[in-house]
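Visitor: My questions are about this predicted structure, shown below with the sequence.
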Amino acid sequence: MLIPLTRETFQELIPAVATGVQYKYMWGKPPDFLRRMLISAVSVILVLVIYSFVGSDVGPLVLITGLIAGLYWLWGPILWASLRNAQCRKHKYCGFWQGRILDIYITDEITSQEETVNQKGQLVIIDNLEPRINLEIGDKTGFTTTLRAPLRKEHQGIVPGQAALMLIMSDIEDLGTIAKVSDIYIPSRDVWVSDYPYLRRDLFVEMSQQIKKGRQKKTGDSNNRSTKRRSPADY
């Protein structure tokens, strides 16, 4: 099932400014925080060096610039999450898609490498592996795609055959060519599968429930009309 959505709805589901969930995701792990702190410190030092050369004529501007640079560790995640959202919002059209999980399997992905020296003094490169869940999903039209995301504990209950919901993005009005897909929602387990939380999940779940109720009502009205058309001899 594929239902085209308006541009307004698209922009509500993927906002221009990072949401709280997206900010938390981009905050990262302790090494990511330390990296931002280092960038902030170096930026402040550069601003002070520039100030020592230009003098007090542009003092207020340098002060504001130094303050912004010094707080990069805090606002950096907002910037990078907003830029990631912009990569989705650049597409002109979107649609609500519902299909089924066709296959699920686990793989290991190299997330980083560490260099160390063994007892013989030889350089050894150690690969840090992270388990990934791979979901192959599709619908009756023959459309299939595979989404890969970090494996979480809540993914244990996901099995083939379960319904899968997501947002698809396209630059063609009829959504005939898919340019990008969002994170996947499994309603039967109330579980999300994603590498990055693109969607405002509360709004997406609410919208999916409204679509489900609308389809059920339409099916019920269709059955009632069919029943009214029957003659007494049909019973």
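Guide: Looks like it came in fine. Numbers count the residues shown, from 1 in each chain.
Visitor: Residue ranges of each domain in the protein, please.
Guide: As recorded under automatic domain parsing, the domains making up the chain are 21-88, 93-211.
Visitor: start to end distance for the first one?
Guide: Between the opening and closing residues of domain 21-88 there is a gap of 17 Å (CA to CA, to the nearest Å).
Visitor: Could you do the last one as well?
Guide: The first residue of domain 93-211 is 19 Å away from its last residue (CA to CA).
Visitor: Moving C-terminal from the longest strand along the chain, which element do we reach first?
Guide: The longest strand of the chain (DSSP state E) is strand 93-117. Downstream of strand 93-117, the next assigned helix or strand under DSSP states H and E is strand 123-138.
Visitor: quick one: buried residues of that following strand?
Guide: Across strand 123-138, burial judged by 16 or more other CB atoms under 10 Å covers Arg132, Ile133, Leu135, Glu136, Ile137, Gly138. Quick note: C-beta positions are derived from backbone N, CA and C, even for glycine.
Visitor: residue contacts, Leu13?
Guide: By CB atoms under 8 Å, 6 or more residues apart in numbering, the contact list for Leu13 reads Leu5, Cys94, Leu167, Ser182, Leu199, Arg200, Leu203, Phe204, Met207.
Visitor: and stretch 90-97, how far out from the chain's middle?
Guide: 14 Å (CA atoms, centre = their mean, to the nearest Å).
Visitor: Does Ala86 touch Ala16 like I think?
Guide: Yes: look at Ala86 against Ala16 with CB atoms under 8 Å: they come within range, at 7.2 Å.
Visitor: still on that earlier bit, and the longest strand of the chain, what does it pack onto?
Guide: If contacts are counted by 3 or more CB pairs under 8 Å, 6 or more residues apart in numbering; DSSP states H and E, strand 93-117 sits against strand 2-5, helix 7-13, strand 123-138, strand 144-150, strand 163-170, helix 201-228.
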